[in-house]
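Trainee: Here's my sequence, what's the structure:
(2 chains)
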Amino acid sequence: MAKVIVTAQRLRSGRSHRLVAMRATLVLTFGVLTHVPAIPQPAMMTPPSTLRETGLYANFGTLDVDPAHLAFAPQYPLWSDGAAKRRWISLPPGTAIDGSNPEAWIFPVGTRFWKEFSFNGQRVETRYLERKPDGQWLYAAYAWSADGRETQLVSARGKRGAYPLAGGRSHTIPGVADCKACHQGGPSEVLGFGTLQLSPERDPGAPHAELQPEPHVDLRYLVDRGLLVGLPKALLEAPPRTVAATATERAALGYMHGNCGHCHNERGSLQNIGLFLRHSVTNAGEPAIASTIGQPVKKQAPGQSPDAVLRVEPGHPDRSGVMQRISSRSPALQMPPLGTELIDDEAVRLLNRWIAERGASIQQASANEGR
Amino acid sequence: MHRALPLMVTIALLVPSAVPAQDSAGAQVKRGEYLVSIAGCHDCHTPWTSGSAGPEPDMKRALSGHPQDLTISAPATLSQPWSGAMNPTSTAWSGSWGVSFSANLTSDPETGVLRDFTEQQFIQTIRTGRHQGQGRPILPPMPWPAYANMTDDDLKAVFAYLRQVPPVKNMVPDPLPPKQ
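Mentor: Numbers count the residues shown, from 1 in each chain, chains lettered A, B, ... in the order given. Okay, here's the model as predicted:
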């Protein structure tokens, strides 16, 4: 099972590596390049300098992933400009995740996560999370060399131009502050390994759905093997899903949970915006419906059409604030504001359909009433 | 002497708790004012005018950002070796990023940029260089990478000070994209 083989290399590597790259931080201030000292980090939080030292592979030469790690895929993946993703979790031997709060599982110290990004079959970056003895998560990203043979720890400020995308844009590997802008914005720092994301009842309409890799890790799998304890029984008897009237709505809510809910939720620092796109398994209703349908936009964003006064206006996707923001990639208007350079066309089509259908169902209801 | 030491320590420990809450809030605002004055916020966030001794920040409009009636519609046209330009009020900035306009930092409830910010979001904004800590990237020349080195207490003091700067109603324009 999820046994960890802490490779000797990893132990040897110690924590003596200094972020050489971090010093090379060039910050553009009014066109002048100034050296800015990196924000000091406790030595313990210094990540290994190569991906190999994190212990992902049993054999780095052949890139065989350690068979003790568990591959998984959340049902509502994050859109990252079409990158193909692979993910793994490693729990220290004999430990288990505490799922008694289904909104925020507690992972044992020593838990490691990896997430690999490829474009057109070429590995570009692998992101890494590790839970440290003080309870903090360590964030790191490793960039792959063009020949796919080597990896290098990315500067804490991130890396631009990591891979060319359509329209002259390019993939950016996020800096640590950006990792945290997404991962520390809600009840749990782990975003894709949770109750709704690993529901045994996967949504067939989820945008960008990925094939579930062997061994099909879901709630049932984890509980049966004692890797997840304390999860309320009801969640196994009635597998979690979004509370939706139609298949379109189910997928739309799921998409927003996976791509927006880590910032827009009831617990995080942006709660004062009052936009709640994260599904909560303990909520009876769906805050993503209550906080969008017919709700006024709080603040017009630069470039937003002035007639988009509601976040979602049923029957009028074109006049809905949410659509304006996901259909843009101009920095001040676009949603999500980071982690993507290209419009997610599949999501735009899905949310368009959802808002149009909401309008049609209101019309239908009033027609029925009139009869 | 060594007998007096414990007594002095005790007094030192007692003194802060004896200060009424109001005074410590006042002290925090004072500290914020001081930090804002030495960190150069007025250089960019207060419109400059020409005074009797040359250009100076117009403190009647302190920290109110780029004046809304000064319309700028395109980035500056520059020749080698220049890469950027600013306008006479020192509130509009042209460079590779397009044109940025310094924000209205006053407590105005309609046009002040901080109207929707919590203290935590203000700290996050300065630490991450993103609007409200998690939104769009903040453009140059706002020197957030330097201010990111401030302590939480210092940033809280700056926020406390800014929240009570007299409101100036001034709707700063949105940034302009770079020339294509």
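
Trainee: Show me what from chain B comes close to chain A.
Mentor: Residues of chain B lying close to chain A by CB under 8 Å from any CB of the partner chain are B:83-84, B:86, B:93, B:95-97, B:116, B:118, B:120-121, B:124, B:127-137, B:140-141, B:143, B:145-146, B:148-149, B:174-175, B:177. Bear in mind the C-beta positions are built from the backbone N, C-alpha and C, glycine included.

Trainee: ok now do the spatially most central residue of chain B, which residues does it touch?
Mentor: By CA atoms, centre = their mean, chain B has its centre lying nearest to B:Cys41, at 4.9 Å. Counting by CB atoms under 8 Å, 6 or more residues apart in numbering or on different chains, B:Cys41 touches B:63, B:105.

Trainee: so what does the host helix or strand of A:Gly258 touch, helix or strand wise?
Mentor: Counting by DSSP states H and E, the element that carries A:Gly258 is helix A:247-259. Helix A:247-259 sits against helix A:287-290, helix A:345-370, with contacts defined as 3 or more CB pairs under 8 Å, 6 or more residues apart in numbering or on different chains; DSSP states H and E.

Trainee: In that helix, which residues are buried?
Mentor: Buried positions in helix A:247-259, judged by neighbour count with 16 or more other CB atoms under 10 Å in any protein chain shown: A:248-259.

Trainee: what's the answer for stretch A:163-179, then?
Mentor: Across stretch A:163-179, burial judged by 16+ other CB under 10 Å covers A:163, A:165, A:171-179.

Trainee: Now B:Thr128. Its backbone dihedrals?
Mentor: phi -100, psi -10 (degrees, to the nearest 10).

Trainee: Quickly compare the helices and strands packed on helix A:247-259 and say which is most buried.
Mentor: helix A:287-290 (a mean of 21; mean count of other CB atoms under 10 Å in any protein chain shown).

Trainee: Looking at the buried residues of stretch A:163-179, which are in helices?
Mentor: A:176-179 (DSSP state H).

Trainee: JSON lines for those residues, including distance to chain B and pLDDT?
Mentor: Output for those, formatted as JSON lines (distance: CB to the nearest CB, whole Å; pLDDT from 0 to 100):
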{"residue": "A:Val176", "distance to chain B": "10", "pLDDT": "95"}
{"residue": "A:Ala177", "distance to chain B": "4", "pLDDT": "94"}
{"residue": "A:Asp178", "distance to chain B": "7", "pLDDT": "96"}
{"residue": "A:Cys179", "distance to chain B": "10", "pLDDT": "97"}
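
Trainee: Would you mind giving the secondary structure of the closest residue to A:Asp64 other than its chain neighbours?
Mentor: Nearest non-adjacent residue to A:Asp64, counting by CB to CB, 6 or more residues apart in numbering or on different chains: A:Ala58, 5.0 Å away. Taking DSSP: H, G, I helix; E, B strand; the rest coil as the rule, one finds A:Ala58 in the strand state.

Trainee: list the contacts for A:Ala58?
Mentor: Contacts of A:Ala58 (CB under 8 Å, 6+ apart): A:5, A:64-67.

Trainee: circling back to that earlier point, mind checking the helices and strands packed on helix A:247-259 for the one nearest to A:Thr50?
Mentor: Set against A:Thr50 and scored by CB to CB, the helices and strands packed on helix A:247-259 come closest in helix A:345-370, at 34.6 Å.

Trainee: Now do that closest one against helix A:247-259, angle only.
Mentor: Here helix A:345-370 runs at an angle of 140 degrees relative to helix A:247-259 (axes from the mean of the first three to the mean of the last three CA atoms, to 10 degrees).

Trainee: Now the element after the longest helix anywhere in chain B, going C-ward?
Mentor: Taking DSSP H as the criterion, chain B has its longest helix at helix B:21-38. Going down the chain from helix B:21-38, the next helix or strand is helix B:41-45, by DSSP H and E.

Trainee: Could I get the buried residue list for that following helix?
Mentor: Under the neighbour-count rule (16+ other CB under 10 Å), helix B:41-45 has B:41-42, B:44-45 buried.

Trainee: how about the helices in chain B?
Mentor: Using DSSP H, helices in chain B cover B:4-18, B:21-38, B:41-45, B:119-128, B:144-147, B:152-162.

Trainee: Please tabulate those helices in CSV and include mean pLDDT as additional columns.
Mentor: Formatted as CSV, those follow (pLDDT from 0 to 100):
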stretch, mean pLDDT
helix B:4-18, 47
helix B:21-38, 92
helix B:41-45, 98
helix B:119-128, 96
helix B:144-147, 96
helix B:152-162, 98
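
Trainee: Tell me which of those lies nearest to A:Ala84.
Mentor: helix B:119-128 (28.1 Å).

Trainee: Packing partners of that closest one?
Mentor: helix A:176-183, helix B:144-147, helix B:152-162.

Trainee: Now do the second one: which elements does it pack against?
Mentor: What it means is helix B:144-147. Checked by 3+ CB pairs under 8 Å, 6+ apart, helix B:144-147 has helix B:119-128 packed alongside it.

Trainee: Next, count neighbours for the closest residue to A:Arg267 other than its chain neighbours.
Mentor: Distances taken as CB to CB, 6+ apart place A:Pro187 nearest to A:Arg267, at 4.6 Å, with adjacent residues excluded. A total of 16 residues lie near A:Pro187 under the criterion other CB atoms under 10 Å in any protein chain shown.
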